[in-house]
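J.: Show me the folded form of this:
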Amino acid sequence: MVRHRVRAIVWVIVWVIVGGSTLLAPPARAAEVTRSVTAFDADDTFDLNLTATWTHEARRADVNNELETAAGASVVRDLKYAETRDVLNLRADFGILWDVGFHIQAPLVLDDSSTLSYDGPLVNSGNSLAVADQIVPSSGNFQSPTRRGFESLGLGLNWAVFNQRRDDTKPTWTLGFDAFLDVFKDQRYDPANPNGNTAVGLGYHQLVWSTWISKRFRYFDPYFGATYMLPIRTNGSIFQDEGGGQTDVNPQQIATVTIGIEQIAWENPRGDQRVTVELRGFAQEHFSGRGYSELWQPLSGNPSCTLAGTNGQQCRPSLDIGMDAQGNPKPSPYPGVSSIDAYGSFGGDLGLNVQVGRYIRFRGLFGVTLDMPHLITDASAGVDTNGDGRVDSTNPKEANPLYRESIDLPGRRFKVEESRDYRLLIEGSLMF
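T.: Next up is the predicted model:
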């Protein structure tokens, strides 16, 4: 009888230790988006994380144009756009203070190329506005150069205002600031020398503010985040203020809101091991401004073109000719970047996060982004400076030097529709 009682007590103790421990919430560990480094902790003097992230993107879109007829305005099919892009982002995070980290990163573009072609058998050189305006060849096919190189140099700070690992009554809340500096060669396109520039620099710095918050609830870790990107154009870049009545000068600003959740599929807290399934969705607003549209490369004019067309370098009449102060025509090669209307993007990602142990983790996500239809050539004719109710195209103070009737006039503008972006992200980190 005593032996049975002792055995029963032993089984109760085992159940409490093993089974009961699985019922209790394990030590809180932040979601991947709120992961942070620290320094000067009693048991952890200095954190160092080294991360490599490979992203593959495949983008598809329809580039259509407006058509103004007696029956009214409509949008007709013109071109199909396709782009593939592979980027390897290299990042190092250093703990510098208690829950404060500094990081440096450099996105290396391994491959970026795009094509344009007729949108179906009914589109040809006889009815394509892109061909009529000498944007693409009469064959309807355009192949961009393959671009490679570092896009920018990123420097940033991240502060975990609250950290659930330190105080499980509070969520993990981080504030971040990043500066992506345009210190590498900017991308350009010259139709006379298509492969002369294969750089990927954007021509502007990016200042990014971000905030993320997550709260672990047993087997679920929901999170929310918001980011805002402010571009600052650089001297000598493709984004220049030409003066006069130019209204759009700066690149587009971008604001993003993200909501997601990690479901803890398996966890071994003692071994710093876990597997989580991540699902997230986001909404993004691209504010109106100038940008690299699907047509930016074929829209770019030859910087050495002339009115007479010496040695075959003739300026395209509808795109590369402007007016001087006396109202006479002059070479004015189109810069490629155009005025793009504001539009929204919506998308999501699904994937796995695997922490092998204290020092190694992996992450894999697959996602899709859909862009709302938007105009990509929509510059205004200029500004009315004398209040007479119209813009005088012969007045250099009123006329927009980047306005082109062939692409910016209502009824001739280009519009992107059915835009979708598929991406695969694979990430690995070493954590010391």
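
J.: How many neighbouring residues does the closest residue to L108 other than its chain neighbours have?
T.: Distances taken as Cβ to Cβ, 6 or more residues apart in numbering put L88 closest to L108, at 4.7 Å, once the chain neighbours are dropped. Placement of C-beta: from N, CA and C, glycine included. Using other Cβ atoms under 10 Å, L88 has 13 neighbouring residues.

J.: Kindly report the same for D241.
T.: 10.

J.: Now the closest residue to it other than its chain neighbours, what are its backbone angles?
T.: In space, and not counting its chain neighbours, D241 is closest to V249: 4.8 Å by Cβ to Cβ, 6+ apart. Backbone geometry at V249, expressed as degrees, to the nearest 10, gives phi -120, psi -50.

J.: just to revisit the earlier point, my guess is the residue nearest to L108 meets L110, correct?
T.: Yes. Judged on Cβ atoms under 8 Å, L88 makes contact with L110 at a distance of 5.8 Å.

J.: I'd like to check what contacts stretch 301-310. Which residues are they?
T.: 190-192, 313-316, 319-321, 329-331, 333-336 (Cβ atoms under 8 Å, 6 or more residues apart in numbering).

J.: Could I get the contacting residues of Q134?
T.: 316, 318-319.

J.: next one: Y118
T.: 78-80, 124, 128, 140-141.

J.: Please list only the buried members of these.
T.: Those of these that meet the buried threshold are 78-80, 128, 140, by 16 or more other Cβ atoms under 10 Å.

J.: Pick out the most distant pair among those residues.
T.: Largest separation among the buried ones among the contacts of Y118 by Cβ to Cβ: K80 and S128, giving 11.7 Å.

J.: Can you give the distance of the helix or strand hosting I104 from its chain's centre?
T.: Per DSSP states H and E: I104 is located in strand 100-118. Its chain's average C-alpha position is 9 Å from that of strand 100-118, according to Cα atoms, centre = their mean, to the nearest Å.

J.: so the residue lying closest to N141 once chain neighbours are set aside bridges to which residues?
T.: Among residues not flanking N141 along the chain, S117 sits closest, at 5.3 Å (Cβ to Cβ, 6+ apart). Legend: beta-bridge partners of S117 under DSSP bridges are K80.

J.: residues near the residue nearest to D241, how many?
T.: V249 has 15 nearby residues by other Cβ under 10 Å.

J.: Find the residue at the geometric middle of this structure.
T.: I254 (8.7 Å; Cα atoms, centre = their mean).

J.: That one against S210, yeah?
T.: No. With contact defined as Cβ under 8 Å, I254 does not reach S210; the gap is 11.9 Å.

J.: Identify the contacts common to these two.
T.: Contacts common to I254 and S210, judged by Cβ under 8 Å, 6+ apart, are Y228.

J.: mind showing which ranges of this protein have poor pLDDT?
T.: For the chain, residues meeting the criterion pLDDT under 70 lie at 1-29, 70, 310-312.

J.: Please repeat the previous calculation with a cut-off of 90.
T.: For the chain, the stretches flagged by pLDDT under 90 are 1-30, 41-46, 67-74, 236, 308-313, 322-328, 393-396.

J.: So L352 sits against F366, correct?
T.: No. Counting by Cβ under 8 Å, L352 stays clear of F366, with 10.0 Å between them.

J.: E278 contacts L365, doesn't it?
T.: Yes. Contact criterion Cβ under 8 Å: E278 and L365 qualify, at 6.9 Å.

J.: Overlap of the contact sets of the two?
T.: 349-351.

J.: Dump stretch 147-165 to CSV, restricted to CA.
T.: Extracted C-alpha coordinates of stretch 147-165, given in CSV (Å, rounded to 0.1, in the frame of the first residue of the first chain):
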residue,chain,number,x,y,z
ARG,A,147,21.6,46.0,-63.7
ARG,A,148,23.9,45.0,-60.8
GLY,A,149,25.6,46.7,-57.8
PHE,A,150,25.0,48.2,-54.4
GLU,A,151,21.9,50.3,-54.3
SER,A,152,22.5,52.3,-51.1
LEU,A,153,24.3,52.3,-47.8
GLY,A,154,22.0,52.0,-44.8
LEU,A,155,22.7,53.2,-41.3
GLY,A,156,20.1,53.0,-38.5
LEU,A,157,19.2,52.9,-34.8
ASN,A,158,16.6,50.7,-33.1
TRP,A,159,15.3,51.2,-29.5
ALA,A,160,13.1,48.7,-27.7
VAL,A,161,11.1,51.1,-25.5
PHE,A,162,9.4,48.1,-23.8
ASN,A,163,10.7,44.6,-23.9
GLN,A,164,8.5,41.7,-23.0
ARG,A,165,11.5,39.4,-22.2
